[in-house]
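1. how would this look folded up:
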Amino acid sequence: MAAPQDVHVRICNQEIVKFDLEVKALIQDIRDCSGPLSALTELNTKVKEKFQHLRRRIQELEQSAKEQDKESEKQVLLQEVENHKKQLLSNQTSWRKANLTCKIAIDNLEKAELLQGGDLLRQRKTTKESLAQTSSGITESLMGISRMMSQQVQQSEEAMQTLANSSRTILDANEEFKSMSGTIQLGRKLITKYNRRELTDKLLIFLALALFLATVLYIVKKRLFPFL
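-> Numbers count the residues shown, from 1 in each chain. All right, here's what the predicted structure looks like:
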């Protein structure tokens, strides 16, 4: 019975061969592609996906090789990994050449249509101009919205600054009111103290006057009525 590790290695090799053949087939499709560019883009997207799967399987095979117990089996698998990597680089080179060939063919076809005054090329040109105008209009609209938002942000900042200044003014007025309130309370205490002092002074004056009158009456009494 095969070990699970051997089964995984065999599956990786099978999938690497499978993805390699699919990549080669797509590269051939790119060579044969005569346009439009959207078709070429779609083929390139598929090639990229296949390359990703291929790289992932090669990495898994390399990891399995490093986990081998026997050094001889490890070296054999590492050599296979190296061969797969070289084949991957070769496919990438073929892919770039196929893209270059296809783009040249598409350019030549468009030039031929331009020389023949083809309706298809004029339609493409019109579509591009229409898209350019639409894009320009959208860009201007976005710029207008951006300016409007910038103005609103600036107005909000000014409003916040005004609110902050008003709040600071209120706080200053509150502090001044507290200071005035303390001054008023101090004045009230002084007035109360002054009123009390005035009452005491009047009482003392009244007592002094009464004593003076009593003294005068006593002296008059002794002078006029000494016998009493």
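2. would you map the helices across this protein?
-> Taking DSSP state H to define them, one finds helices in the chain at 4-32, 37-66, 71-115, 119-224.
3. okay, the ones you listed in a markdown table with mean neighbour count and mean pLDDT next?
-> Every residue, glycine included, has its C-beta placed from N, CA and C. A markdown table is the format used below for these (neighbours: other CB atoms under 10 Å; pLDDT from 0 to 100):
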| stretch | mean neighbour count | mean pLDDT |
| --- | --- | --- |
| helix 4-32 | 16 | 88 |
| helix 37-66 | 16 | 91 |
| helix 71-115 | 14 | 89 |
| helix 119-224 | 10 | 73 |
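4. now for H53: which residues touch it?
-> 15, 19 (CB atoms under 8 Å, 6 or more residues apart in numbering).
5. ok, now how distant is T169 from E140?
-> Computed as CB to CB, to the nearest Å, the T169 to E140 distance reads 43 Å.
6. over to I11?
-> 57 Å.
7. likewise Q14?
-> 56 Å.
8. what does N13 give?
-> 58 Å.
9. now Q68
-> Counting by CB to CB, the gap from Q68 to E140 is 64 Å.
10. again with E80
-> From E80 to E140 the distance is 59 Å (CB to CB).
11. same check, this time on K74
-> 64 Å.
12. might one say that I16 is in contact with K85?
-> No: taking CB atoms under 8 Å as the definition, I16 is not a contact partner of K85, at 10.4 Å.
13. joint contacts of those two?
-> In contact with both I16 and K85: I58, using CB under 8 Å, 6+ apart.
14. give the contact list for L213.
-> Here L213 is in contact with no residue (CB under 8 Å, 6+ apart).
15. can you check Q28 too?
-> Contacts of Q28 by CB under 8 Å, 6+ apart are A98.
16. please report how far it lies from W95.
-> 11 Å.
17. what's the separation between D6 and L54?
-> From D6 to L54 the distance is 21 Å (CB to CB).
18. next one: R168
-> Distance from R168 to L54, by CB to CB: 69 Å.
19. can you check E60 too?
-> 11 Å.
20. and what of E113?
-> 37 Å.
21. H84 now?
-> Counting by CB to CB, the gap from H84 to L54 is 8 Å.
22. now swap in I205 and tell me
-> In terms of CB to CB, I205 sits 121 Å off from L54.
23. now V7
-> Taking CB to CB, one finds V7 at 20 Å from L54.
24. next: L186.
-> 93 Å.
25. what's the answer for F19, then?
-> The value you get for F19 to L54, if CB to CB is used, is 4 Å.
26. can you list contacts of stretch 91-100?
-> 20, 23-24, 27-28, 30-31, 40, 44, 47, 51.
27. can you lay out these as JSON lines showing distance to D107?
-> JSON lines is the format used below for the contacts of stretch 91-100 (distance: CB to CB, whole Å):
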{"residue": "D20", "distance to D107": "30"}
{"residue": "V23", "distance to D107": "25"}
{"residue": "K24", "distance to D107": "25"}
{"residue": "I27", "distance to D107": "20"}
{"residue": "Q28", "distance to D107": "20"}
{"residue": "I30", "distance to D107": "15"}
{"residue": "R31", "distance to D107": "15"}
{"residue": "L40", "distance to D107": "12"}
{"residue": "N44", "distance to D107": "17"}
{"residue": "V47", "distance to D107": "21"}
{"residue": "F51", "distance to D107": "25"}
